[in-house]
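A.B. asks: I'd like to go over a predicted model; first the sequence, then the structure.
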Amino acid sequence: SNMELAMPLFFCLALLLLNAAAAEEGSCGPGCCPRKKVGGEDYTFVYESDAATSHQGCLDPCVYTRDGGNGSPICFKAGKLPVQCIKCKKLPGLPKKYCQPGEKCWPTAEQIKKFRHTINENHSDTKSCLKLERFVYIGDETAHQKVCLPYTGLINQTDKQCKWPGPRSPTGNYQTPDPNCDQNPFVTGAHYHKSALPSYSHLGLACMTPYQFLNNRNYKKEWMAAFIVTADTPEDIHLAVTFAKEHNLGISVFSTGHDMQDRNAGPGPNTLLVRTTCFRNWKPFLHQPIEDAQGHKWKEGFAIVGAGLSFGRNFWTDLKNAKGTYELAAESNKETVGGTCHSVGIVGWSIGGGRGWTSPKYGLGVDQLLHVDLVSANGSLISANPSHNADLFYAVRGGGGGFGIIYSIKIKLHKPSCKDTDTGKLTMKKCYTMNTANWTGDYDKIHTPIRVQKILESFVKWSVKNRPSWNSIAQLWYLNTSTADGDYTGKNKYKLIIGANQFGHVNSTSFQMAFKDFTTDRIYFNTSTTSKPGAICQGKEAGCGDIWQIKTDKYWCEEFPDYNNGSNCTDSPWHLERWAQAIRFVVNTSIENNNLIKDLINTWQPSCDKNPYAPCASGYQIHGDLPAINHTSGRGVFFSGGAVSDGFRDSVFQVFNYGVNSAKVNLTFSQQEEWMHYTLGPALYPYSKASYFNEAEYTLSPGQWEERFWGKEKHCKLLETKMKYDPTFTFACRHCVGSEVGSEPEK
C-alpha cells in the first residue's frame, strides 16, 4: 500500500474505494462513515477537520482513531488497502406488528394447551416459586379468582371509600390511582388482608387475582400480557421465546416490576410476559480472581446473581434470598453497588447504567458487570464477557434491554470501607454515617428563592469536592399541600432537605461546615443519646444541633426507628403504581459555575408567583450518587467502557423535578406532562449532554433519546449488534435499541 505521513498527527493509510452512489446507499446520513474497516483494521470516526483535506491532503475531512490503538487521530490518503465503510443501514417502513387476539397467528386453544404442558412437564409441579401457576393465560378462569399471598408491592389502600369524593385540588405531585376511584386493571379490587394492616409492608398478605399479581408493575400504559411464564430455568425461557416467535407474539420481561420507563410492558398489549423473579441464586466467590471488563484481574471477590434478585427486600417476601443483594453481600463482609430503592431488580438496573449508594466510590452498575448469561432471540443460551461474545457484552453494559433475556450475571464485590481499630480487620460495623440538614419555613417570594439558591450552590460544590467518600442528595419542595386527605395546613411553605452519607470511620465536619452560615429556617435536632434523640427542637438550644446524624452498619438503610441503634433500620417502603412524568438528566462539574441552579429556582415556585395560571416545577432532586471523577481521565472512577454515553460518564449529578404545580389551575395529568416536555425540558437540557437510560424523561422525542442515552456513534454500534443477535426484532421495548421510529427487521 502507499502509506505515508501527511504530518506527525495523521497516518495516511488507504484509498477510499467508494463512489458517490455507493456512499449514499444505506447511509446514516451525509458525512463520514461512523466506522471504517481498512486493511482488516477497525477505525471509529471521532470528528471532522478541514485541515485533513486542506493541509494534510486526505480524501475527506473525516478523522478516525484505530480501535484498540493509542487514540491518535487518523485520516486517509490514496493507497491500495481494501476499505469497507460500515454505516447504519436505514430501516424503512412501519414498526414491526405483533400478533393480537382474533388474528390468524393467535394461538389456538389446542396450541395453548400443548404449550402449557411443555412448560410444566420438566417440573415436579405446576406452581412457580411465587405459589402461582407457572403458566397463566388470560383466558384461564382461575387466573381471575382472587388469592392472598405474601407480597408488598400493592398500593397501600385501606379505605373502603374514595379518598377524594369531589374534584381534586392541585397537589404538586400526581396522586396514585385510588382503586375505588380510578379504575385500572392492575389493582382494581385488590387490597391488603386485614391481618396485614396498617403495617402492610411488613410481610403482609396482599389479595388480588393471579393475573393481577403477575402483571403488577409501575406503568404508564395499561398494557397487560396475555400469556405469562414465570420461569425458573433457562429452558423455560427458551420454550417461551420459541412459542412467542412461532405466533409472532410480542415479548415483555420483568422481575420486580420497578421500572420508570414502562419498558416492562414490552412492545404492546397482549404480549407473552417472561417473569424472571424465580431466578434466586446468590453465590459469592470471595477469593477467586476473575477477568473484568478491562482485561484486568479483579481480586476483591464476585458473586453469581440470579436475575430475580432485588437490592433490598423483595416484594415477594417469602422467596429465597428475598433480603436482597445488599444484605447478602454484607453477610460475606462485602460492599456492593446497587440502586437506592429496595425494590429495584439487579439486571435492568445494571444494563441501563446503574447509579446508587456506593457508585461515588466504586463506579456505575455497568462497571460491576463481569459476565452475563442470557437466552437469545433464536432461543439459544449465550454467555457474554470480556473474552467471549465481547460485542454483546459491550451492548448489555449500558445499551439497555432488547439483546436477550438475561437470567444470571456475575458482579463485583468490594471490601468494606472500615477497619476495626482493635483487630485491624476489615469491618462494616458502624462504618457509615448518615447526615441530614433541614430547612423548613414559610415561603417568602422575595427572600426564600435567593436563600435556597445559595444553599444549593454550596451543596453542589461540597458534594463534588467530597467524593468518593460521600454520596449525597438535595431535595426541594414547595408545599402547596402538606398532607393527604385535603389537610392544607402546610400551604405556602417550603422544605429543603440535604442528606449525605459518609463511608469510613474518618471523622469529618466538612458537611456541617458547608452549611453553617445558613441559619434562617434551619431545623435543629436533639443530639442527646438518652432523651428523644433525633427529635426536632424548638430552636437552637442546649443539646440541639443543626445536623441529624446516625452511625450504622448498613449503608443502604433509610429509616431508623431507634436512634441509638443504627443497625435497626429498614428501607423506605415502595409499591407499584402509575409512574408520574419528570424531566431527568445528568450534569457534569460545570454545574459549579453555570446558571443551572439559578434556572432550577426560576422554574420552581417563583415561576408560579409570576405566572399564577401557568405551571411550574413543584420541586427538585439533585442526586450526588454518581461516580467521583478521575481528574486524569475526566471520567468516573472504575470506568470500564461499555455503551454508556460519554455525557453520562463525566457527570456528577442527576437532576429531576418533583412533579408540576400551579397557583390557580387544577392541572390534568396530560397538562403536566406536556408542560414538562415542551417547556421545562427545553429550558434545562442545554445544561446537560445526556440522560440516564433507566430514569429519563418518558416523552423524549425520536432522535433525542438515542442521542441522550448513547450518542450517535455508540447508537450506531448498538444497532449493528442488535441486528446481529436479534435480526427479526424478537425483543422490543420503549426507547430501546431497535425501537427507532420507522424501523423494521431486515427482510
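C.D. replies: Perfect, thanks for sending it.

A.B. asks: tell me the pLDDT at I251?
C.D. replies: You'll see I251 listed with a pLDDT of 97.

A.B. asks: wait, it sits on I237?
C.D. replies: No - between I251 and I237 there is no contact under CB atoms under 8 Å: 10.0 Å. All C-beta atoms are positioned from the backbone trio N, CA, C, and that covers glycine.

A.B. asks: what touches both of those two?
C.D. replies: Residues touching both I251 and I237 (CB atoms under 8 Å, 6 or more residues apart in numbering) are 274, 405.

A.B. asks: And the strands in the stretch 1-150 of the chain?
C.D. replies: 4-7, 10-12, 35-38, 41-48, 62-66, 83-86, 135-137, 147-150 (DSSP state E, counting those that start in this stretch).

A.B. asks: Could you say which one of those comes nearest to L328?
C.D. replies: strand 147-150 (19.3 Å; CB to CB).

A.B. asks: Please name the strands paired to the closest one in the sheet, noting orientation.
C.D. replies: In the sheet, strand 147-150 lines up against strand 205-208 (antiparallel) (DSSP bridges).

A.B. asks: And what about the nearest residue to T118 once chain neighbours are set aside, helix, strand or coil?
C.D. replies: Leaving aside its sequence neighbours, T118 sits nearest to L239 (CB to CB, 6 or more residues apart in numbering; 5.8 Å). The three-state assignment at L239 reads helix, by DSSP: H, G, I helix; E, B strand; the rest coil.

A.B. asks: my guess is G301 contacts P289, does it?
C.D. replies: No - using CB under 8 Å, G301 makes no contact with P289, being 9.4 Å away.

A.B. asks: Tell me where the model's unsure across the stretch 201-350 of the chain.
C.D. replies: By pLDDT under 70, the weakly predicted segments of the stretch 201-350 of the chain are 201-203.

A.B. asks: sorry, back to before: turn the strands of the stretch 1-150 of the chain into CSV, columns for distance to C278 and mean neighbour count.
C.D. replies: Shown next, in CSV, are those (distance: least, CB to CB, whole Å; neighbours: other CB atoms under 10 Å):
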stretch, distance to C278, mean neighbour count
strand 4-7, 60, 13
strand 10-12, 54, 21
strand 35-38, 40, 20
strand 41-48, 41, 16
strand 62-66, 45, 21
strand 83-86, 41, 18
strand 135-137, 13, 24
strand 147-150, 14, 16
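
A.B. asks: Format the ones you listed as TSV; extra columns: mean pLDDT and distance to A322.
C.D. replies: Output for the strands of the stretch 1-150 of the chain, formatted as TSV (pLDDT from 0 to 100; distance: least, CB to CB, whole Å):
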stretch	mean pLDDT	distance to A322
strand 4-7	31	63
strand 10-12	33	57
strand 35-38	85	45
strand 41-48	84	44
strand 62-66	87	47
strand 83-86	82	46
strand 135-137	98	22
strand 147-150	94	9
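
A.B. asks: would TSV of the ones you listed with distance to Y443 be doable?
C.D. replies: As requested, the strands of the stretch 1-150 of the chain are exported to TSV (distance: least, CB to CB, whole Å):
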stretch	distance to Y443
strand 4-7	62
strand 10-12	60
strand 35-38	54
strand 41-48	48
strand 62-66	53
strand 83-86	56
strand 135-137	51
strand 147-150	43
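
A.B. asks: contacting residues around the longest helix along the chain?
C.D. replies: If you go by DSSP state H, the chain has its longest helix at helix 448-465. Here helix 448-465 makes contact (CB under 8 Å, 6+ apart) with 439, 441, 470, 472, 474, 476, 494, 496, 498, 500, 510-511, 514-515, 518, 520-521, 589, 591-592, 597-598, 600-601, 604-606, 622, 624, 629, 652-653.

A.B. asks: if you average pLDDT over it, what comes out?
C.D. replies: Mean pLDDT, helix 448-465: 98.

A.B. asks: Flag every buried residue along it.
C.D. replies: Buried residues in helix 448-465, counting neighbours by 16 or more other CB atoms under 10 Å, are found at 448-449, 451-453, 455-460, 462-464.

A.B. asks: From the residues you listed, pick the one nearest S49.
C.D. replies: Of all these, V464 has the smallest distance to S49: 32.9 Å, by CB to CB.

A.B. asks: what's M208 in contact with, if anything?
C.D. replies: By CB under 8 Å, 6+ apart, the contact list for M208 reads 146-147, 154, 187, 189-191, 216.

A.B. asks: do V372 as well
C.D. replies: By CB under 8 Å, 6+ apart, the contact set of V372 is 383-385, 393, 396, 406, 408-410.

A.B. asks: could you dump these to CSV with pLDDT and distance to G543?
C.D. replies: Formatted as CSV, these follow (pLDDT from 0 to 100; distance: CB to CB, whole Å):
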residue, pLDDT, distance to G543
S383, 98, 59
A384, 98, 57
N385, 97, 56
F393, 98, 56
V396, 98, 53
I406, 98, 53
S408, 98, 52
I409, 98, 49
K410, 98, 50
